[in-house]
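Undergrad: No sequence on hand, only this structure:
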């Protein structure tokens, strides 16, 4: 049983789709203090190769969101399959807008196109 396994068990037992917690509550559940690196938003990312604790909440079926470092709060949200999200959108549950995901797959960006590059590089430099 790993250092943070209690968090995974705690999250699996939750019936709610969103579980807001303070960092202190996370420490209480795990029985261990959070590492110094937990003071940075990147530590709370949902990248499975990020850290050991990330794997725990992902394996429990949750992702982190609304990470507030200054207030030391995080929300663990239950991950839904695309089909479940679509059903929730149709029924109006879970706060999804009815057209959630309706445009998925309709836009293709060609390889090598920089979508962050301004369309008009001279914009903002022209004098009136």
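TA: Cool, got the structure. Computed from a prediction, not measured in an experiment: that's the story for all the values here.

Undergrad: Flag the shaky bits of this structure, pLDDT-wise.
TA: Along the chain, the parts satisfying pLDDT under 70 run over 1, 81-102, 123-124, 126-128.

Undergrad: Could I get the full set of helices for the chain?
TA: Under the criterion DSSP state H, the chain contains helices at 5-12, 23-30, 52-59, 82-91.

Undergrad: Can you lay out those as TSV showing mean neighbour count and distance to residue 110?
TA: (Glycine included, C-beta is placed from N, CA and C.) Shown next, in TSV, are the helices of the chain (neighbours: other Cβ atoms under 10 Å; distance: least, Cβ to Cβ, whole Å):
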stretch	mean neighbour count	distance to residue 110
helix 5-12	18	40
helix 23-30	16	43
helix 52-59	18	32
helix 82-91	13	25
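
Undergrad: I'd like those helices laid out as a markdown table, including distance to residue 122.
TA: Below are these laid out as a markdown table (distance: least, Cβ to Cβ, whole Å):
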| stretch | distance to residue 122 |
| --- | --- |
| helix 5-12 | 52 |
| helix 23-30 | 47 |
| helix 52-59 | 44 |
| helix 82-91 | 42 |
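
Undergrad: of all those, which lies closest to residue 109?
TA: Of all the helices of the chain, the one in closest proximity to residue 109, counting by Cβ to Cβ, is helix 82-91 (20.7 Å).

Undergrad: Now do stretch 5-12: distance to the chain's middle.
TA: 17 Å (Cα atoms, centre = their mean, to the nearest Å).

Undergrad: no no, stretch 59-73
TA: Taking the mean of its C-alpha atoms, stretch 59-73 sits 7 Å from the chain's own mean (Cα atoms, centre = their mean).

Undergrad: Give the buried residues for that stretch.
TA: Across stretch 59-73, burial judged by 16 or more other Cβ atoms under 10 Å covers 60, 62, 64, 67, 72-73.

Undergrad: Among these, which ones are in strands?
TA: Those of those mapping onto strands are 62, 64, 67, 73, per DSSP state E.

Undergrad: for those residues, which one is nearest residue 52?
TA: The nearest member of these to residue 52, counting by Cβ to Cβ, is residue 64 at 14.3 Å.

Undergrad: Brilliant, that's me finished.
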